[in-house]
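*Asks:* Generate coordinates for the sequence data below:
(2 chains)
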Amino acid sequence: MAEAPLPFWKDMFSAKNVKLLTRPFGADNPVTVQVLGICSALAVTAKLQPALVMAISVTVVTAFSNLIISLLRNTIPPRIRIIVQLVVIAALVIVVDQILKAVAYEVSKQLSVFVGLIITNCILMGRLEAFAMANKPWPSFLDGIGNGIGYGMILVILAFFRELFGSGTLFGYQIIPASFYEAGYANNGLFILPPMALILLGIIIWIQRSRNRDLIEKEK
Amino acid sequence: MFSNRYIFIYTAVMVAAVAVLLALASTLLRPMQQRNEETATMQELLKAAGKNVDRSAAIDLYNRTVTAEWRVNREGDVVAVYDNDRGSWKQTRGKADIKRAFDSDLKEEMEKAAAHEADAAAPDGFFPVFVCNGGETYIVPLQGKGLWGAIWGYIALGKDFNTIEGATFSHKGETPGLGAEIASEPFQRHFIGKKLFDENGNFTSITVQKGGAEKYPGDVSHAVDAVSGGTITSNGVTAMLEDCLSCYVPFFRKRQSLAARPAAADTVEVSHPVENR
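*Replies:* From the prediction side, this is the model:
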């Protein structure tokens, strides 16, 4: 991965590589800028814990599928590259699903079908096609981690607001004190439902674009 | 460029490698997954018995709470008994090929019983019963279907085999906030104290009543409030209770009449059905 003369960590975390890792957090976020992975962002963000597990799972799968495809990139016949990518993603997702069932049973029950549906998350195929097929393994791995975290970040932000206002809890612990409820406060059921995730996501995109005007599409 | 030959070999090797990897992952993780599933089942059973525990403590408490596991036939006779000897389960009565209640599946047994009724040569179904605290509470499993998929649960009955002491329900994927509420504490609490038989001894089951238990045409002690917005799931629960509990009615009646003769109440009568070959 890293070539000799410089100490390897300097090369591994050169400015260019670090940018690969951090760009998806903001200006190149897969959810708010590329608008990918919306379906699961609505589905698993009613509570923080499943959102966090989903974020970690997707990060692991993007990172390793990027790495594997990048290692294989010169051997993959272009005519069947999509199938090869799908097989790699599907295999990794099944392994993640099996591991969750073995070590985090409750969470895997909550996530139910959505772990399996990581396979159809557009972020994965998008990164493989756009990056891993044309880049070396290490940058591809960083790109996968970066995009996974960029996606997970949005999930966690959505889940934070949805769980706090929808259930009054965070990670299952009661945050809004009982005295509030006695004074007439009620949990907002809309936050539990998927449409609210879309509204919150819209607000996040709005805030991001008002701060970073480069992201706004030019009018023709 | 890549030849067709290369592409075929590439695909074959890739598929084989992935198959080996997945088979390995599945084999290695299977024991842990199975343990998780078992402890989750124990946790649900214990919840019906009124004990909320963490999954990690479930095995321990299960072995302290459930004192015996029975299998009963359609006529209401106990055909197999497994006793709990501090965590190790020993079959004390019945045929050796009848499995523990914990390892049996109610749906399968119901299908077997129905097949046996149609054709006496088919093997009979034996329904599972869990005896708690040395015969104070009896738990029977339930299996049915909701709106999107399977629903299941456990009902704990007092030793009168009539009054419900606790109930728990779970589901595969009912709508969150609506049908999924059957898995919530407030819904399950309504079942406590409800009765399966009316004062004349007729089996009434429990109806999950849309609009509230007081809308139920009969006695309120046979109905609970439905989940608002979850009518199909609620109806599924009603049907599940009716279907599963009716299999046990002969057993309940036999035990009730045994209890009426106090001297005989403690003995377990094991009969071997003659048609069992």
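
*Asks:* Can you mark which positions in the helix or strand hosting residue B:114 are buried?
*Replies:* Element membership for residue B:114, per DSSP states H and E: helix B:106-118. Residues of helix B:106-118 classed as buried under the neighbour-count rule (16 or more other C-beta atoms under 10 Å in any protein chain shown) are B:106, B:107, B:109, B:110, B:112, B:113, B:116. For glycine as for every other residue, the C-beta is placed from the backbone atoms N, C-alpha and C.

*Asks:* Are the longest helix along chain B and chain A in contact anywhere?
*Replies:* The residue-count maximum for a helix in chain B (DSSP state H) belongs to helix B:4-48. Yes: using C-beta under 8 Å from any C-beta of the partner chain, we find that helix B:4-48 touches chain A at B:6-7, B:10-11, B:14-15, B:18, B:21-22, B:25-26, B:29, B:32-33, B:36-37, B:40.

*Asks:* elements contacting the longest helix that chain A contains?
*Replies:* When chain A is parsed with DSSP H, its longest helix is helix A:137-167. Counting contacts by 3 or more C-beta pairs under 8 Å, 6 or more residues apart in numbering or on different chains; DSSP states H and E, helix A:137-167 is packed against helix A:15-22, helix A:38-43, helix A:48-72, helix A:122-130, strand A:169-170, helix A:194-211.

*Asks:* same thing but 10 Å
*Replies:* In terms of contacts (3 or more C-beta pairs under 10 Å, 6 or more residues apart in numbering or on different chains; DSSP states H and E), helix A:137-167 is packed against helix A:8-12, helix A:15-22, helix A:38-43, helix A:48-72, helix A:122-130, strand A:169-170, helix A:194-211.

*Asks:* List the pairing partners of the shortest one within its sheet, with orientation.
*Replies:* To tie it back to what came earlier, the one meant is strand A:169-170. Sheet pairing of strand A:169-170 (DSSP bridges) gives strand A:173-174 (antiparallel).

*Asks:* and residue A:168, how far is that from chain B?
*Replies:* According to C-beta to the nearest C-beta, to the nearest Å, residue A:168 and chain B sit 14 Å apart.

*Asks:* thought that residue was touching residue A:188?
*Replies:* Yes: assessed by C-beta atoms under 10 Å, residue A:168 is found in contact with residue A:188 at 9.4 Å.

*Asks:* so what's residue B:198 closest to, chain neighbours aside?
*Replies:* residue B:204 (5.2 Å; C-beta to C-beta, 6 or more residues apart in numbering or on different chains).

*Asks:* List, one by one, the residues from chain A near chain B.
*Replies:* A:43, A:46-47, A:72, A:75-80, A:83-84, A:87-88, A:90-92, A:94-106, A:108-110, A:112-113, A:166, A:189, A:192-194 (C-beta under 10 Å from any C-beta of the partner chain).

*Asks:* Buried subset of those residues as a PyMOL selection?
*Replies:* In PyMOL syntax, the buried subset of these is picked out as below (16+ other C-beta under 10 Å):
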select buried, chain A and resi 43+46+47+72+76+77+80+84+87+88+90+91+92+94+95+96+97+98+99+100+101+102+104+105+108+110+166+192+193
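
*Asks:* still on that earlier bit, how far off centre is the helix holding residue B:114?
*Replies:* 15 Å (C-alpha atoms, centre = their mean, to the nearest Å).

*Asks:* got a list of contacts for it?
*Replies:* B:71-74, B:101, B:105, B:121-128, B:140-144, B:150, B:152, B:243-244, B:246-248, B:273, B:275-276 (C-beta atoms under 10 Å, 6 or more residues apart in numbering or on different chains).

*Asks:* Those in helices, which ones?
*Replies:* Mapping the contacts of helix B:106-118 onto helices (DSSP H) picks out B:243, B:244, B:246, B:247, B:248.

*Asks:* As a markdown table, the residues you listed with distance to residue A:210 would be great.
*Replies:* Shown next, in a markdown table, are those (distance: C-beta to C-beta, whole Å):
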| residue | distance to residue A:210 |
| --- | --- |
| B:243 | 58 |
| B:244 | 58 |
| B:246 | 63 |
| B:247 | 64 |
| B:248 | 64 |
